[in-house]
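# no FASTA, just this:
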């Protein structure tokens with residue numbers, strides 16, 4: 001399962017379309033090799049047995065994007081499913097989707113995603129919970145910030161464990177305000193999340209650059225607000241003619 005950098009669930013659905021189409025191709029190939037093209041019920045049975053499960057991996061997470069009413073045919077996977085069914089029945093692509101599903105005895109994939117999401121929600125013993133928090137700290141005193149983060153989430157961790165979650169892990173990732181990257185508080189937590197060294201380095205560098213840029217904007221905006229306020233009151237002085245050094 002893959003996530004988009006903007007946490008777009010639709011991108012995960014697009015990624016799952018690859019195995020789905022591969023399964024559809026193998027079913028068509030099997031039907032042709034066994035000379036079963038004149039028996040559409042065989043293709044429909046194979047579709048429900050092999051094709052639908054291929055579009056279920058991680059569906060209880062990214063499938064929530066399509067569980068709302070009116071989104072039954074919004075995903076790429078569902079359109080691939082409908083294309084397979086229509087080609088099996090040898091009907092036009094403009095044929096009503098609901099009529100095709102009814103004729104084939106199939107349900108929309110939304111039904112399977114909803115069922116898997118309900119099973120996941122009702123069975124917390126299968127949950128592997130990871131709490132991730134990124135914090136900035138003094139470059140020479142990261143331990144105090146780490147202890148505060150652990151204390152802050154202690155009650156939440158206890159609640160999740162009381163719900164019989166199989167595993168609850170707290171990952172506190174610390175970075176120095178001047179861009180310091182710690183081995184025990186930055187590199188190791190990121191490696192536990194599956195990031196290799198070069199990707200962890202790039203991520204921490206991007207986060208540090210991002211934070212400095214936004215901190216600079218906040219400082220400059222604060223200076224401009226103070227400058228205009230003092231000018232309106234007629235108390236502007238030399239100290240307001242130049243903004244402070246962001247560093």
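Nice, I can see it. Everything numeric in this text was worked out from a predicted model, so none of it was measured.
# now the longest helix along the chain, how far from the chain's geometric center?
In the chain, assigned by DSSP state H, the helix with the most residues is helix 197-233. Computed by Cα atoms, centre = their mean, to the nearest Å, the chain-centroid distance of helix 197-233 equals 27 Å.
# One more: stretch 170-189?
23 Å.
# Let me know the average pLDDT across it.
Stretch 170-189 carries an average pLDDT of 79.
# Helices along the chain, start to end?
9-33, 40-46, 52-54, 59-62, 76-89, 97-104, 109-122, 142-152, 154-162, 188-192, 197-233.
# quick one on the thing from earlier: list the buried residues in the longest helix of the chain.
Going by neighbour count (16 or more other Cβ atoms under 10 Å), the buried part of helix 197-233 is 200, 204, 207-208, 227. In short, each C-beta sits where N, CA and C put it, glycine included.
# Repeat that for stretch 26-42.
Of all the residues in stretch 26-42, those buried under the rule 16+ other Cβ under 10 Å are 27-28, 31, 40, 42.
# quick check, nearest of these to residue 64?
Nearest to residue 64, judged by Cβ to Cβ, of the buried residues of stretch 26-42 is residue 27 at 27.6 Å.
# sorry, back to before: with residue 176 as the reference, name the closest of the helices of the chain.
helix 142-152 (7.3 Å).
# That closest one: how far from the chain's middle?
Computed by Cα atoms, centre = their mean, the chain-centroid distance of helix 142-152 equals 27 Å.
# Check stretch 79-92 too.
Distance of stretch 79-92 from its chain centroid, counting by Cα atoms, centre = their mean, is 30 Å.
# Next: stretch 115-125.
Chain-centre distance of stretch 115-125: 18 Å, with Cα atoms, centre = their mean.
# so how far is the lowest-mean-pLDDT helix or strand in the chain off the chain centroid?
The weakest-scoring helix or strand in the chain, judged by mean pLDDT, DSSP states H and E, is helix 59-62 (a mean of 76). In terms of Cα atoms, centre = their mean, the centre of helix 59-62 is set 10 Å apart from its chain centre.
# With stretch 108-127 instead?
In terms of Cα atoms, centre = their mean, the centre of stretch 108-127 is set 17 Å apart from its chain centre.
# Mind listing what's buried along it?
Buried residues in stretch 108-127, defined by neighbour count with 16+ other Cβ under 10 Å: 108-110, 112-114, 116-117, 127.
# From the residues you listed, which shows the smallest pLDDT?
pLDDT across those is lowest for residue 127, at 72.
# Now for that one: which residues touch it?
Residue 127 is in contact with 120, 160, 165-167, counting by Cβ atoms under 8 Å, 6 or more residues apart in numbering.
# at 6 Å what do you get?
The contact partners of residue 127, taken as Cβ atoms under 6 Å, 6 or more residues apart in numbering, are residue 165.
# Show me which of the buried residues of stretch 26-42 is closest to residue 141.
So of the buried residues of stretch 26-42, ranked by how close each gets to residue 141 (Cβ to Cβ), first place is residue 27, at 61.1 Å.
# And the closest one, how far from residue 146?
Applying Cβ to Cβ, to the nearest Å, the value for residue 27 to residue 146 is 53 Å.
# before we move on, what about residue 215?
Counting by Cβ to Cβ, the gap from residue 215 to residue 146 is 21 Å.
# can you list the domains in this structure?
With domains defined by automatic domain parsing, the chain comprises 9-121, 127-232.
# Flag the shaky bits of this structure, pLDDT-wise.
The model of the chain has pLDDT under 70 over residues 1-10, 124, 139, 178-179, 228, 230-247.
# The same query, at a cut-off of 90, please.
Scanning the chain for pLDDT under 90 picks out 1-21, 34, 36-38, 50-78, 109-247.
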